[in-house]
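**Q** Just a sequence and a predicted model for now, questions to come.
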Amino acid sequence: MKMIRHTLVVIALVMVAAACSSASEGVEVSDPWGRPSPSSASNAAFYMQLEGSDTDDRLVSAESPACQVVELHETQMSDGVMSMQFLPEGIPVPAGETVSLEPGGLHVMCLGVTEALVEGESATVQLQFEESGLVTVDAEIRQS
């Protein structure tokens, strides 16, 4: 009877440890959103917070049915001119840090909007991370 009780305790501890470790695995994505954009607009952008896990990671690509092409960009100011820079290497997400994708900075760029982004609705965005794998989010369409 003692052996069975001991075995059950060990199994319970292993299950708790597994649950705790899986809860901290992968990048956490919060507050995904995009601005309203009529279908006549050719481009749009999505923003969010990326919270790093226990290991360094990198957002390497993204996709959305609302876009013909999705790229990772950073807005930069140079000599008083604002421009967007394509980030072919992706967006680093350092362990334990939060990376903000926001207007005027890092963002997921939607090129060739295929469906209107209507305020109050949402758009599906699939984010591919180097370590965390595929994360699908529904980005709320709102003003900010």
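**A** Now that the structure is in, tell me what you want to look at.
**Q** Residue 124 bridge partners, please.
**A** Per DSSP bridges, residues listed as beta-bridge partners of residue 124: residue 138.
**Q** next one: the one 10 residues further on
**A** In this entry, residue 134 is beta-bridged to residue 128, by DSSP bridges.
**Q** Please apply the same query to residue 84.
**A** In this structure, residue 84 has the following beta-bridge partners (DSSP bridges): residue 75.
**Q** What count of nearby residues applies to it?
**A** The tally of other residues near residue 84 (other Cβ atoms under 10 Å) stands at 14. Heads up, the C-betas are built off the backbone N, CA and C, glycines and all.
**Q** and if you look at residue 25?
**A** By other Cβ under 10 Å, 13 other residues sit near residue 25.
**Q** pull the helix or strand with minimum mean pLDDT from this protein.
**A** Counting by mean pLDDT, DSSP states H and E, the chain has its least confident helix or strand at helix 2-23, which shows a mean of 45.
**Q** Pull up the pairing partners for the helix or strand just after that one, direction included.
**A** Scanning the chain past helix 2-23 towards its C-terminal end, the next helix or strand to appear is strand 28-34 (assignment: DSSP states H and E). Next to strand 28-34 in the sheet, as set by DSSP bridges, lie strand 43-51 (antiparallel), strand 133-141 (parallel).
**Q** and those strands, which is most packed in?
**A** When those are scored by mean count of other Cβ atoms under 10 Å, the highest mean neighbour count falls to strand 43-51 (a mean of 20).
**Q** helices or strands up against the next helix or strand after it?
**A** Beyond strand 43-51 on the C-terminal side, the first helix or strand identified by DSSP H and E is strand 57-63. Here strand 57-63 is seen to pack against strand 67-78, strand 91-93, strand 122-129 when contacts are counted using 3 or more Cβ pairs under 8 Å, 6 or more residues apart in numbering; DSSP states H and E.
**Q** Go through these and find the least confident stretch.
**A** Among these, strand 67-78 carries the lowest mean pLDDT, a mean of 95.
**Q** and that one, what other elements does it pack with?
**A** Judged by 3+ Cβ pairs under 8 Å, 6+ apart, strand 67-78 is in contact with strand 57-63, strand 81-86, strand 106-113.
**Q** Can I get those strands in JSON lines including distance to residue 119 and mean pLDDT?
**A** As requested, the helices and strands packed on strand 67-78 are exported to JSON lines (distance: least, Cβ to Cβ, whole Å; pLDDT from 0 to 100):
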{"stretch": "strand 57-63", "distance to residue 119": "21", "mean pLDDT": "98"}
{"stretch": "strand 81-86", "distance to residue 119": "23", "mean pLDDT": "94"}
{"stretch": "strand 106-113", "distance to residue 119": "14", "mean pLDDT": "96"}
